[in-house]
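>>> sequence-free structure coming up:
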RNA sequence: GACCCGUUCGUCUAGCGGUCUAGGACUCCGCCCUUUCACGGCGGAAACACGGGUUCGAGUCCCGUACGGGUCGCCA
């Protein structure tokens, strides 16, 4: 059987991390099996037909590299790929159900007769789940009354206005599109018996179901758009690499069973398997996501990294053609976790503005002889003929020797005076990039500040 | 409330009856490396929800309880 998976978003807004992960798992499973990944837009509800929202979702998927073999813009033999355009197909299947006596009219709506017996879902991840839909549906929880009230267990599949309900469309589409594996969030597990009943009534073999656990926020509740890291657009804007975001999403709920944590997309597509999917919900951890991104950053080819970093320099006003950029990227690649961290880390070399970290200043001023150190630095650096990393290095060494001190004692004051804090990229290359004037000016300014 | 799913370090997870004095990763702490900052290396802290069974033996199987999540629409 050839594998066909699908991601079926409702085009309501941004691409959410939960949806993106579902898309990823479907994509990976299709790739791994040499199958087809289908994108279908679930816009049955007129209010959900939202071009702008759809655009954001497609943009997010494309950024992640989760491109679809069939769907909007890609075409395919099983279209249309918008539910809003599939009315005739639904009509046709409804007619079949009507013929076989599986449905009846109810106040203008059409209801599907739910069988009064156990239905068992054979889920690849959750195991067997058995439910009697008739029993279960004959009462309904009334949230206002806070009690169960009698209900009609039969499923409405078409509204009086002729529009169809999600469950029906979902089943008909999966059937018509030849979907072999439905990989979706566990929030659909309870709906699956309904879908199975529908497949059976249509005389069709259902797809394989795999319900993946949900991603929760740090508080243990469902992630909402407000939670950090919830929207894919956040990653796009904040300097994450798409392959790193995919890597992290893959790890949230799936394990390769060995100790590998960092995967390329190709490795994921090869290694991913439904067997490795965990049953339990997981909590999103932004810190680990950052770490994964940093690891991918380190592994990137320098030229590629430079290209990807450019927009983030441009964002803070540093020209993408600035000759210092390759050096800036090289200096920050190991300590940046996001592309957007890179300009921040070297900003003191690109701007006249500098902000001093009070704690760092306090730390260096606490030591005796700071004035002498700063003077020696200024004297030595102003005499450097060749303002390069090496030239600067020699000057600082000489200055330290002149005072009978170790170079190490000179580094921290120099760093704080010129960069504003105790941490950052390598000092010598930073000074080289900063330019002599800026360095000397800062040494002077810092001297008078701490002296005063 | 009913039904469904789940429960190993703070977090992500390995573990599929003995090899578990429970392994890896993130985070945190310490040490080493180092002209600074990082990187890297080494080490440390940190978990089988609870109670009953089954078994010679249970993190691993069964049943309860607790807790968490999900579903109960003419939303998707």
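Yep, that arrived. Model, not experiment: these values are computed from the prediction.

>>> same question for stretch A:369-384, mean pLDDT?
Average pLDDT, stretch A:369-384: 90.

>>> List the contacts of that stretch.
Contacts with stretch A:369-384, where a contact means C-beta atoms under 8 Å, 6 or more residues apart in numbering, come from A:364, A:391-392, A:394-396, A:398-400, A:402-403, A:405, A:409-410, A:413-414, A:417, A:431, A:436, A:439-440, A:443-444, A:446-447, A:450-451. C-beta: built from backbone N, CA, C; applies to glycine.

>>> repeat that for 7 Å
Stretch A:369-384 has contacts (C-beta atoms under 7 Å, 6 or more residues apart in numbering) with A:364, A:391-392, A:395-396, A:398-399, A:402-403, A:410, A:413-414, A:417, A:436, A:439-440, A:443-444, A:446-447, A:450-451.

>>> buried residues in the helix or strand containing residue A:195?
According to DSSP states H and E, residue A:195 maps onto helix A:192-201. Buried residues in helix A:192-201, counted by 16 or more other C-beta atoms under 10 Å: A:192-199, A:201.

>>> ok, then the element right after that helix?
Defined by DSSP H and E, the subsequent element after helix A:192-201 is strand A:208-212.

>>> quick check: angle from that next one to helix A:192-201?
Orientation check (axes from the mean of the first three to the mean of the last three C-alpha atoms, to 10 degrees): strand A:208-212 against helix A:192-201 gives 170 degrees.

>>> Buried by neighbour count: which residues of the helix or strand hosting residue A:449 qualify?
Assessed by DSSP H and E, residue A:449 sits inside helix A:436-451. By neighbour count with 16+ other C-beta under 10 Å, helix A:436-451 contains the buried residues A:438-440, A:442-443, A:446-447, A:450.

>>> Also stretch A:251-259?
Buried residues in stretch A:251-259 (16+ other C-beta under 10 Å): A:251-254, A:256.

>>> same check, this time on stretch A:168-187
Buried residues in stretch A:168-187, defined by neighbour count with 16+ other C-beta under 10 Å: A:168-175, A:177, A:179-186.

>>> from those, which are also near RNA strand B?
Checking the buried residues of stretch A:168-187 against RNA strand B by C-beta under 7 Å from any atom of the strand, the ones in range are residue A:186.

>>> Looking at the buried residues of stretch A:168-187, which are in helices?
Counted as lying in helices by DSSP state H, out of the buried residues of stretch A:168-187, are A:168-175.

>>> ok, of those residues, which one's closest to residue A:94?
Checking these against residue A:94 by C-beta to C-beta gives residue A:168 as the nearest, at 7.8 Å.

>>> thought that closest one was touching residue A:156?
No. The pair residue A:168 / residue A:156 is not scored as a contact, 8.9 Å apart, by C-beta atoms under 7 Å.

>>> Any stretches of the stretch 51-200 of chain A with poor pLDDT?
Within the stretch 51-200 of chain A, not a single segment meets pLDDT under 70.

>>> Close to RNA strand B: what parts of it are there?
Contact residues, the stretch 51-200 of chain A versus RNA strand B (C-beta under 7 Å from any atom of the strand): A:83, A:106-109, A:126-131, A:136-137, A:139-141, A:147-148, A:151, A:156, A:159-160, A:163, A:165-167, A:186-191.
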